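Trainee: Everything below, folded, please.
(one chain, ligands or ions: 2)
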Amino acid sequence: MKRLLSGNQAVARGAWEAGCNVAAAYPGTPSTEILENINRYPEIYTEWAVNEKVALEVVAGACFTGARALTAMKHVGVNVAADPMFTMAYSGVTGGLVIVTADDPGMWSSQDEQDNRHYGRHAKIPVLEPSDSNEAKLFTILAFDISEKFDTPVLLRLTTRICHSVTIVEFGKRKEHKIKGYVKDIKKRLVLPAHARIRHRIVEKRLIRLSRYSDIFPYNKIEWGKKSLGIITSGISYQYAKEIFPDASFLKLSFTYPVPIKLIRKFARQVKRLVVIEEGDPILENEIKVLGIKVTGKDKIPLCGELTPKVIRDSLKRPYKRTKKPLRAPARPPVLCPGCPHRGVFYVINKLKLTATGDIGCYTLGALPPLNAMDTCICMGASVTNAHGMEKALGAEFSQKTVAVLGDSTFYHSGITGLVNAVYNKGNLNLFILDNHTTAMTGHQPHPGTGRLAKGEAGKRVPPEDIVKGAGVEFVKIINPDSLKEVEEAIKQALAFDGVTVLIFRKPCALLTKPKPPFRIDPELCNGCRLCLRLGCPAISLTFPKEKKRPLAVIDQGLCVGCGLCVQMCPRKAIVLSKEKENGK
Ligand code: SF4
Ligand code: SF4
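Mentor: Ligands and ions are numbered 1, 2, ... in the order given. All right, here's what the predicted structure looks like:
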C-alpha cells in the first residue's frame with residue numbers, strides 16, 4: 001500500500017513498523033507531529049515529557065530494558081537534551097534508540113537555525129538524513145537497526161521541508177520487537193570516570209566501524225550523469241539540486257556522519273568539477289576538504305537561510321528563463337489570536353512601562369506592536385533566569401520595574417529550576433505564568449498542569465501554584481486576566497512586594513473555549529480615538545468612511561470571540577454587543 005505522508009507522519013509510521021515500544025517528546029515546530037502521529041498507534045507507549053532532556057532520559061531508560069525507543073525534538077531541543085545524549089554515546093543502548101532532530105533552516109518558527117549535523121560529530125554518533133517522506137520512514141527503521149548493530153544512539157536529522165512536505169510512502173508491516181528485559185551492566189551504563197575512560201575507547205573504535213559501514217550503506221549512492229559536474233548533497237538539498245542540474249552526476253549522501261570516505265574519493269576522481277550543495281553549515285564540504293579534495297561549496301552557496309531551487313540556481317549562476325511571473329502571497333505577520341487571554345497582561349505591562357524578560361511560545365508575540373511588551377527572548381525558561389540576573393546586576397530597585405513572563409508549559413519545561421534558583425538566592429523576581437491550560441503554540445499538547453496524558457486519558461494534575469508554593473514563594477496569586485483593572489492591581493502589588501512573587505494569570509486558550517457573542521462598534525458613539533487598537537486584537541481595525549469626517553473603529557464579527565477586553569478600553573462606551581444578540585436572535 002502507498003500513501004501520501006508528511007515526513008513527520010512517515011517517521012511515526014517507520015517507528016511503528018520498526019516495532020518501537022516507547023516514545024517521548026516535548027512539542028516544538030517542526031517536530032511536533034511526530035509524537036502526535038506515533039500516539040495514534042496503540043502498540044507504542046507515548047508521553048509528552050516536560051522537556052527534551054527528560055524525554056531522552058525516559059527513552060534511554062526504556063532502551064536499557066531492551067525496548068526500541070524514540071524521541072523527537074526541534075533542533076534547539078537537542079541543546080536541552082545534549083547532556084544525556086553525549087553520555088548515551090558512551091553507555092550505548094540495548095534496544096535501538098533513535099533521536100530525531102527537526103532542524104529549521106530559515107527559522108520559520110525558531111530563534112536560530114543551528115545545523116544539528118554538528119551533534120553527530122560532537123557526540124560521536126551516526127547521522128542519517130532522509131530526502132523525502134519515504135526515506136524518512138525507511139531511515140527510521142534503519143536507524144533502529146544501526147542503533148542495535150553498533151550499540152549507539154542514532155541521530156535522524158530532518159529539516160522543516162522534509163517534516164512538513166508530503167510525498168508517497170510505501171507501507172510495510174510492523175515487525176514486533178520483543179523486549180528482552182533488563183540485565184544489570186554497570187560497566188556500560190554507570191559512566192563514572194573509571195568506566196567512562198574504557199567506554200571512550202569503545203566509542204572511538206565504533207566510529208571506525210561506522211565509517212566503514214557508511215561506505216557500504218545502500219542509500220549513500222552515486223547516480224551517474226555527465227561527468228563535467230559532480231554534485232555531493234544530502235537531505236532536501238538533493239531534491240533541489242536534481243531540479244536545477246538534471247544532467248549532472250550525483251553522490252547522494254544519506255549516512256552523513258561518519259562520511260563514506262572511499263565512496264567520496266571514488267566519485268571525486270571521476271568528475272571534472274565537484275560541488276557540495278548542502279543547507280546550513282559546510283559540514284560535508286569540510287569533511288571532503290580534509291580528504292584533500294578540491295570542492296566548491298559555501299564560497300558560492302549561502303550559509304544563512306533555507307536553500308531553494310532558486311537560491312541554488314542563482315548562487316551557481318545557472319542560466320534560467322522565467323516563463324511565468326511568480327505569485328506573491330501577502331505577508332501575514334503572526335499575532336495573538338482574538339480573545340487571547342495573554343493580551344490584557346501584555347497591554348498592562350506596556351502601560352506600566354515595565355521591563356519584561358520573555359520566553360518561547362505564544363507569549364513571544366507580546367513583543368510585537370502595538371503591545372511591545374517584551375525585552376528579551378533567549379530560550380525556554382530563560383525569562384526567569386534573565387530577570388534574576390538583571391536584578392543581581394542592577395539591584396532590587398530594578399526588579400520593581402521588571403517582570404519575567406512565561407507560559408504554563410514552559411514553566412514545566414524549564415521555568416521551575418530558575419524559580420527555585422531565584423528563591424534560594426534571595427531574588428526579587430516577579431514571575432508571571434500565563435496559564436492558558438495547554439501548550440498552545442505547537443497545537444495544544446497536554447502537560448502536567450492539564451492533568452491529561454498524551455493519549456487523552458486522565459492523569460494526575462500537578463498545579464503550578466503547588467509547585468510555586470513548594471519552592472518557598474510566599475506571594476502567589478491566581479488571577480483571571482479578563483479584567484484589566486484587576487490585572488493592573490495585582491501587578492502593582494507584586495512589584496511592591498519584597499522577595500519572589502508569582503502571579504498566575506489563568507484562563508483557557510481562546511481556541512479551546514466556545515466563543516461568546518461578538519461585540520460591535522456603535523458608529524454614532526465612536527470618535528475614532530484609536531484607544532481600542534492598542535490591544536492589538538486582529539478583530540478590530542480602523543476605517544475611514546467617506547460620509548464621516550473622522551475615522552471609525554470596526555470589529556470583524558467573524559473574528560471577535562466576545563472576550564470583552566476592548567470594551568474596557570473605550571472611554572465612550574461605543575463597544576456594544578452585536579445587534580442580533582441585543583434583539584435576542
Ligand atoms: S471582544 Fe474585543 S478584544 Fe475581544 S475578541 Fe472581540 S474585538 Fe477582540
Ligand atoms: S476606543 Fe472606542 S471611541 Fe476609540 S476608536 Fe475604539 S471604539 Fe472608537
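
Trainee: what's the nearest residue to K469 once chain neighbours are set aside sitting at in phi/psi?
Mentor: Take K469 and drop its neighbours on the chain: the residue closest to it by C-beta to C-beta, 6 or more residues apart in numbering is V476, 5.8 Å away. Just so you know, the C-beta spots here come from the backbone N, C-alpha and C atoms, and that holds for glycine as well. In terms of degrees, to the nearest 10, the main-chain angles of V476 are phi -130, psi 130.

Trainee: Over to A62?
Mentor: Backbone torsions for A62, taken as degrees, to the nearest 10, come to phi -60, psi -40.

Trainee: which element is the residue of the stretch 51-200 of the chain found nearest ligand 2 on?
Mentor: Ligand 2 sits closest to S109 of the stretch 51-200 of the chain, with a gap of 32.1 Å, by C-beta to the nearest ligand atom. S109 is part of no helix or strand when elements are defined by DSSP states H and E.

Trainee: Look at it and say how many residues are nearby.
Mentor: Neighbour count for S109, taken as other C-beta atoms under 10 Å: 16.

Trainee: can you check the one 3 residues further on too?
Mentor: D112 is surrounded by 10 other residues when neighbours are defined as other C-beta under 10 Å.

Trainee: measure it to G305 for me?
Mentor: With distances taken as C-beta to C-beta, to the nearest Å, D112 is found 12 Å from G305.

Trainee: By proximity to ligand 1, which residue of the stretch 201-350 of the chain wins?
Mentor: Nearest residue of the stretch 201-350 of the chain to ligand 1 (C-beta to the nearest ligand atom) works out as P338 at 3.8 Å.

Trainee: Show the contacting residues for that residue.
Mentor: A510, C537, P538, A539, L559, C560, V561, C563 (C-beta atoms under 8 Å, 6 or more residues apart in numbering).

Trainee: In three-state terms, label it for me.
Mentor: At P338 the chain is in coil, as set by DSSP: H, G, I helix; E, B strand; the rest coil.

Trainee: any idea how far the longest helix belonging to the chain is from the chain center?
Mentor: In terms of residue count, the longest helix belonging to the chain (DSSP state H) is helix 193-216. Helix 193-216 sits 31 Å away from the centroid of its parent chain (C-alpha atoms, centre = their mean, to the nearest Å).

Trainee: who's in contact with it?
Mentor: Helix 193-216 is touched from outside by 89-92, 124, 126, 146, 150-152, 186-188, 191, 220, 255, 257-263, with contacts defined as C-beta under 8 Å, 6+ apart.

Trainee: and the residues you listed, which are buried?
Mentor: Those of the contacts of helix 193-216 that meet the buried threshold are 89-92, 124, 126, 146, 150-152, 188, 191, 220, 255, 257-261, 263, by 16 or more other C-beta atoms under 10 Å.

Trainee: Quick one: low-confidence residue ranges for the stretch 301-450 of the chain.
Mentor: For the stretch 301-450 of the chain, applying pLDDT under 70 flags the ranges 319-323.

Trainee: Same question for the chain.
Mentor: Along the chain, the model assigns pLDDT under 70 to residues 319-323, 579-585.

Trainee: which bits of it sit near ligand 1?
Mentor: By the rule C-beta under 6 Å from any ligand atom, the part of the chain lying against ligand 1 is 338-339, 519, 535, 537, 539-540, 555, 560-566.

Trainee: if we can go back for a sec, help me confirm that the residue nearest to K469 comes into contact with E465.
Mentor: Yes. The pair V476 / E465 is scored as a contact, 5.7 Å apart, by C-beta atoms under 8 Å.

Trainee: Tell me which of the buried ones among the contacts of helix 193-216 fall in helices.
Mentor: A89, Y90, S91, I146, F150, K188, I261, L263.

Trainee: which among these are in contact with ligand 2?
Mentor: Near ligand 2, by the rule C-beta under 6 Å from any ligand atom, you find none of these.

Trainee: Point out the residues in this structure that sit beside ligand 2.
Mentor: 521, 526-532, 553, 569-570, 572, 574-575.

Trainee: From these, keep the buried residues only.
Mentor: I521, C526, G528, C532, A553, M569, C570, A574, I575.

Trainee: Show me those residues that map onto strands.
Mentor: Using DSSP state E, the subset of those located in strands is I521, A553, I575.

Trainee: Could you export the residues you listed as CSV, including distance to L156?
Mentor: Formatted as CSV, those follow (distance: C-beta to C-beta, whole Å):
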residue, distance to L156
I521, 52
A553, 51
I575, 52
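
Trainee: and which of these is nearest to ligand 1?
Mentor: The shortest approach to ligand 1 among these belongs to I575, at 6.8 Å (C-beta to the nearest ligand atom).

Trainee: Apart from its neighbours in sequence, what residue is nearest the closest one?
Mentor: V567 (4.7 Å).

Trainee: quick one on the thing from earlier: pick the one among the ones in strands among the buried ones among the residues of the chain next to ligand 2 closest to F505.
Mentor: Distance to F505 across these (C-beta to C-beta) is lowest for I575, with 22.3 Å.

Trainee: quick one: contacts for the closest one?
Mentor: F519, R520, I521, D522, C532, I555, C566, V567, M569.

Trainee: Quick one: the strands in the stretch 301-450 of the chain, in order.
Mentor: For the stretch 301-450 of the chain, the strands defined by DSSP state E, counting those that start in this stretch cover 355-357, 402-407, 430-435.

Trainee: what separates the residue nearest the centre of the chain from ligand 1, distance-wise?
Mentor: Geometric centre of the chain, nearest residue: G28, 2.7 Å, by C-alpha atoms, centre = their mean. Between G28 and ligand 1 the computed distance is 28 Å (C-beta to the nearest ligand atom, to the nearest Å).

Trainee: what are the phi and psi angles of that residue?
Mentor: Taking degrees, to the nearest 10, you get phi -170, psi 130 for the backbone angles of G28.

Trainee: ok, now which ones touch it?
Mentor: G28 neighbours (C-beta under 8 Å, 6+ apart): E52, M73, K74, V76, G77, A102, T442.

Trainee: Next, the contact list for the fourth one, please.
Mentor: This points to V76. V76 is in contact with G28, S110, Q111, D112, Q114, C379, M380, counting by C-beta under 8 Å, 6+ apart.

Trainee: Pull out the buried members of those residues.
Mentor: For the contacts of V76, buried by 16+ other C-beta under 10 Å: G28, S110, Q114, C379, M380.

Trainee: I'd like the residues you listed as CSV, with distance to L284 appended.
Mentor: Output for the buried ones among the contacts of V76, formatted as CSV (distance: C-beta to C-beta, whole Å):
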residue, distance to L284
G28, 26
S110, 22
Q114, 16
C379, 28
M380, 30
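
Trainee: farthest pair in those?
Mentor: Taking C-beta to C-beta, no two of the buried ones among the contacts of V76 sit farther apart than Q114 and M380, at 14.7 Å.
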